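>>> I need the structure of the sequence given here:
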Amino acid sequence: DKIEIYNNTYNPIDENITIGDYKFDAVVYDSTGNITYQTCYIKVVDLVPPVITASEPYEVNYTIQYPWSTFLKKFTYSDNVEVEKIEVTEDTYTENYDVPGTYYITATVTDTSGNTASATLEVIVVDRVVPKIEGPNEVYTTTLNPLSKEELRESFTFTDVIDPNVTRYEIIDNDGYFEN
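As a prediction, the model looks like this:
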């Protein structure tokens, strides 16, 4: 008996073989001259998932709601064949963009064979808006009734958008007024 393979489009020696179907025909002969043919296919598939990584934690200001495209630029990814898409699959940032804290955006990359991989970016929402001080530029008093720091403080209002209960403030004596 003799077996032959011919009409072969698959070459396993080729290191750059691509995904797809490769046709070959098998033929078998027996000692009496009988012959059987069968067409077969080798299906080359990609089982290797893409690789994705997120950058270091990314700081953003609470006053701006950044789109997903901004965060997707913070991921690097590759695949042994071809990346089909990258998308955000989890997001705790968007609903909290205006609340300082730490949030997470997970991106998933999918290759053309349907293999996936994910990575998570840490997003730190920070408050970079300075508090406001409202009050007079000049305060008058007499030598008979000098103002205390607390009385002077009552002339001013201290506010902050994120922290409405400003708990710390200072009156800085630049000229020695309170030393007397």
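
>>> center of this protein - which residue?
Residue closest to the average C-alpha location in the chain (CA atoms, centre = their mean): L121, at 3.8 Å.

>>> how about the spatially closest residue to that one that is not a sequence neighbour, phi and psi?
Using CB to CB, 6 or more residues apart in numbering and skipping the chain neighbours, the partner closest in space to L121 is A54 (4.0 Å). Where you see a C-beta, it was placed from the backbone N, CA and C, and this is true even at glycine. Here the main-chain torsion angles of A54 (degrees, to the nearest 10) amount to phi -100, psi 150.

>>> T36 now?
With angles defined as degrees, to the nearest 10, T36 sits at phi -130, psi 140.

>>> Wait, it touches V28, no?
Yes: checked against CB atoms under 8 Å, the pair T36 and V28 is within contact range at 5.0 Å.

>>> which of those two has more neighbours?
Between T36 and V28, counted using other CB atoms under 10 Å, V28 has the larger neighbour count: 13 against 10.

>>> Just the pLDDT at the more buried one, thanks.
As predicted, V28 sits at a pLDDT of 90.

>>> mind checking the SS state of L47?
Three-state assignment for L47 (DSSP: H, G, I helix; E, B strand; the rest coil): coil.

>>> Tell me how far the closest residue to it other than its chain neighbours lies from P50.
In this structure, L47 finds its nearest non-sequential neighbour in N115, 6.9 Å apart by CB to CB, 6+ apart. As judged by CB to CB, to the nearest Å, N115 and P50 stand 6 Å apart.

>>> after the lowest-mean-pLDDT helix or strand in the chain, next one along is what?
One helix or strand of the chain scores below all others by mean pLDDT, DSSP states H and E: strand 2-6, with a mean of 66. Downstream of strand 2-6, the next assigned helix or strand under DSSP states H and E is strand 20-29.

>>> Using PDB, write down the CA coordinates of that following strand.
Taking Å, rounded to 0.1, in the frame of the first residue of the first chain, the C-alpha atoms of strand 20-29 are listed here in PDB:
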ATOM      1  CA  GLY A  20      -6.900  30.200   6.700                       C
ATOM      2  CA  ASP A  21      -7.800  26.900   5.100                       C
ATOM      3  CA  TYR A  22      -5.100  25.000   3.200                       C
ATOM      4  CA  LYS A  23      -6.300  22.300   0.800                       C
ATOM      5  CA  PHE A  24      -4.600  19.000   0.200                       C
ATOM      6  CA  ASP A  25      -5.500  15.700  -1.500                       C
ATOM      7  CA  ALA A  26      -4.700  12.300   0.000                       C
ATOM      8  CA  VAL A  27      -4.500   9.300  -2.300                       C
ATOM      9  CA  VAL A  28      -4.100   5.700  -1.300                       C
ATOM     10  CA  TYR A  29      -3.200   2.800  -3.500                       C
END
